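> Next come a sequence and a model predicted from it.
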Amino acid sequence: MLGVITGSGLYELPGLGDPAHGDVSTPYGDATVTRGTWHGQPVAFVARHGSGHTVAPHAINYRANVWALQSVGVTDVLATAVSGGISSEMAPGRLVLISDVIDFTAGRACTFFDGATDPGFGAGRGVTHTDMTHPYHPDLRDLLRRAAAAASVDVIDGAVYCTTNGPRFETPAEITMMGRLGGDLVGMTGYPEVALANEAGLRYASVGIVSNWAAGIADAPLSADDIFAVISDAGDRLYRLFGSAAELHAGSSA
């Protein structure tokens, strides 16, 4: 089954058939999952920030969300990552297939294998080291590339995404550091979600929605209203991309 996780400004799947909303009980708390049929296949959907953007990035229960999707039968996850652009080609409005991640967060529950709870993935309570050579699954990224071509949606293929705690925006000095370390995008929700998906055995891919230039790249201060306007404008293209990917997924089992 395909899972979809969306972030800021994207709180539903347009055209989802027979939607069923409900809380899924997990060892880490409840997660709200909406199940239905979308573009010809069953889909499970999670809005990270809640239906009204009420959950801050650092307070999202990433473990519950990922565990819940895995428990209802999801095998492949398409996610969004609203981002600030660091590299020159990452202009506001662009859609980007993320290829790697750098973690700058602190204090988040970032693993299922903490020795306290058996997540049920076959490792018990023991220490488990998860390979992250390809954190964003190559086959799902290829599916998104093919979906973009089929739907005539322009995407940038490949970017390094840096994750910060938020909810504040980054400083210009922090952005300069990230750029020097190879970062192309910066956001607040991509990690630990990507790592947890890998721990749970889910194939995971993420599309960065560039909502603004990162701090210091442009002279203007960051405005939440401007950011949400860009997200709203990009939403149609994002849903066309994900809808095309869902159709390809249904036809080929990815």
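That came in fine, so what should we check first?
> three-state assignment of the spatially closest residue to residue 14 that is not a sequence neighbour?
Nearest residue to residue 14 in three dimensions, chain neighbours excluded: residue 239, at 5.8 Å (C-beta to C-beta, 6 or more residues apart in numbering). The way it works is simple: take the backbone N, C-alpha and C, and place the C-beta from them, glycine included. Three-state assignment for residue 239 (DSSP: H, G, I helix; E, B strand; the rest coil): helix.
> show me where the protein has helices.
All helices of the chain, identified by DSSP state H, fall at 62-71, 138-151, 172-180, 193-199, 224-252.
> Out of these, which gets nearest to residue 120?
helix 62-71 (8.3 Å; C-beta to C-beta).
> pLDDT at residue 237, what is it?
We have a pLDDT of 95 for residue 237.
> Contact partners for it?
95, 153-154 (C-beta atoms under 8 Å, 6 or more residues apart in numbering).
> and what of residue 205?
76-79, 97-98, 136-137, 140-141, 143-144 are the contacts of residue 205 under C-beta under 8 Å, 6+ apart.
> and what of residue 56?
Residue 56 touches 49, 166-167, counting by C-beta under 8 Å, 6+ apart.
> Check residue 45 too.
Contact analysis of residue 45 by C-beta under 8 Å, 6+ apart lists 3-6, 12-13, 16, 33-36, 38.
> which among those gets closest to residue 64?
residue 33 (9.9 Å).
> Beta-bridge partners for that closest one, please?
Per DSSP bridges, the residues bridged to residue 33 are residue 22.
> Around it, how many other residues sit close by?
Using other C-beta atoms under 10 Å, residue 33 has 22 other residues around it.
> And for residue 84?
There are 27 residues near residue 84, going by other C-beta under 10 Å.
> The one 10 residues further on now?
Burial of residue 94 is recorded as 21 neighbouring residues (other C-beta under 10 Å).
> shouldn't it be in contact with residue 211?
No: taking contacts as C-beta atoms under 8 Å, residue 94 lies outside contact range of residue 211: 9.9 Å.
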